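Novice: Sequence and predicted structure below; questions after.
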Amino acid sequence: MTMHEDDRGRTDTVTVEDMAATPTPGLLRRFLRLLTFVDLPIKQKFLLLAIGTLFWFGSMAVVTVFALTAIQYKYHLVSEQIMPHDLAAREVLSHLQNIDRDLQFIGPTDTGADLLAVQSMRDHVKAIRAVNARLSLRQTGSSGTFIENVVRSLATTSPADLQYLQGIMAVTDRVDRALDSYINAKRKLPRAIDPDAIAAAIDDAKEQVARGVALATAHSKSVAEEYGSINGQIYQVIRESVNAILAVLLIASTLLFFFVRWIIVAFQRP
């Protein structure tokens, strides 16, 4: 039992049970004040405000740099891989269709158009090889800043593109050899012309042209699908980056408001 005397001389009796029933300072409140740095000295509050501001600005910078790098990577995929391959596939398909048309003008009998048709087909074969060589040179080219070269090196040629290039090169070689066989079969002097060899050469050339058309068509379709997929990925990167930056701005603004308020309250204290 404890005796207390008030200012009027009266004595109050406080028992141990009453003291036990009196609530102690709230631990939860103290913990919250510790988390919110309310009891920090004013200098440390300013320091914490500066550190927090730098942290959130740094977070926004990281998100922005990541988004721009991802967009640049996708852009290089489109500009350095997809668009050139799409244009090349269309060119190759056009040349192969012209070769298929010229094949209709050659045969065992001599006509005035067969030599011109053979020459035209050889020109188309050279054009296809030039298109493939242009694609190969584009894969090895490197120009620009260090960051651009790094991003470009990440956007490497896919295995499907390499397989397509190898397939088209094999087709052009086989067509060229078939034309050589056709010319040799028609010029076997002093022996007579070999119709079977000529027919076999023409059939081989037609078969290779059909194979090349199938390869170019499939590759063009695959490139178009990849282009649509990358467009969707770029849109997703932009959308998620904007959402992340807005979230960081919201959190930073909220924390800045509370810190400024605590600093103002600290200045108002006597």
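Specialist: Done, it's in.
Novice: This structure: helices as residue ranges?
Specialist: In the chain, the helices defined using DSSP state H lie at 16-21, 27-35, 42-76, 83-102, 114-140, 146-154, 159-186, 195-268.
Novice: Show me which positions of the fifth one end up buried.
Specialist: Read that as helix 114-140. Neighbour-count burial for helix 114-140, counted by 16 or more other C-beta atoms under 10 Å, picks out 114, 117-118, 120-122, 124-125, 127-129, 131-132, 135. Heads up, the C-betas are built off the backbone N, CA and C, glycines and all.
Novice: any weak-confidence spans in the chain?
Specialist: 1-26, 29-40, 42, 110-112, 138-157, 188-193, 266-270 (pLDDT under 70).
Novice: Residues contacting stretch 101-120, please?
Specialist: Under the criterion C-beta atoms under 8 Å, 6 or more residues apart in numbering, residues 98, 121, 124, 179, 182-183, 186, 193, 195, 198-199, 202, 205-206, 209 lie in contact with stretch 101-120.
Novice: how far does it sit from the chain's center?
Specialist: Centroid separation for stretch 101-120 versus its chain: 47 Å, with C-alpha atoms, centre = their mean, to the nearest Å.
Novice: which ones are touching the spatially most central residue of the chain?
Specialist: Centre of the chain computed as the mean C-alpha position; nearest residue by C-alpha atoms, centre = their mean is residue 74, 3.2 Å away. Residues near residue 74 by C-beta under 8 Å, 6+ apart: 230, 233-234, 237.
Novice: neighbours of the residue found closest to residue 213 once you drop the neighbours it is linked to in the chain, just the number please.
Specialist: Of all residues not flanking residue 213 in the chain, residue 96 sits nearest, at 5.1 Å (C-beta to C-beta, 6 or more residues apart in numbering). Residue 96 has 27 neighbours, counted by other C-beta atoms under 10 Å.
Novice: mind checking how far residue 96 is from residue 55?
Specialist: 60 Å (C-beta to C-beta, to the nearest Å).
Novice: cool, residue 180 as well?
Specialist: Residue 180 is 71 Å from residue 55, by C-beta to C-beta.
Novice: now residue 235
Specialist: 29 Å.
Novice: before we move on, the earlier item: the helices of the chain into a markdown table, with extra columns for distance to residue 108?
Specialist: Listed next are the helices of the chain as a markdown table, based on distance: least, C-beta to C-beta, whole Å:
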| stretch | distance to residue 108 |
| --- | --- |
| helix 16-21 | 118 |
| helix 27-35 | 94 |
| helix 42-76 | 52 |
| helix 83-102 | 16 |
| helix 114-140 | 10 |
| helix 146-154 | 53 |
| helix 159-186 | 8 |
| helix 195-268 | 4 |
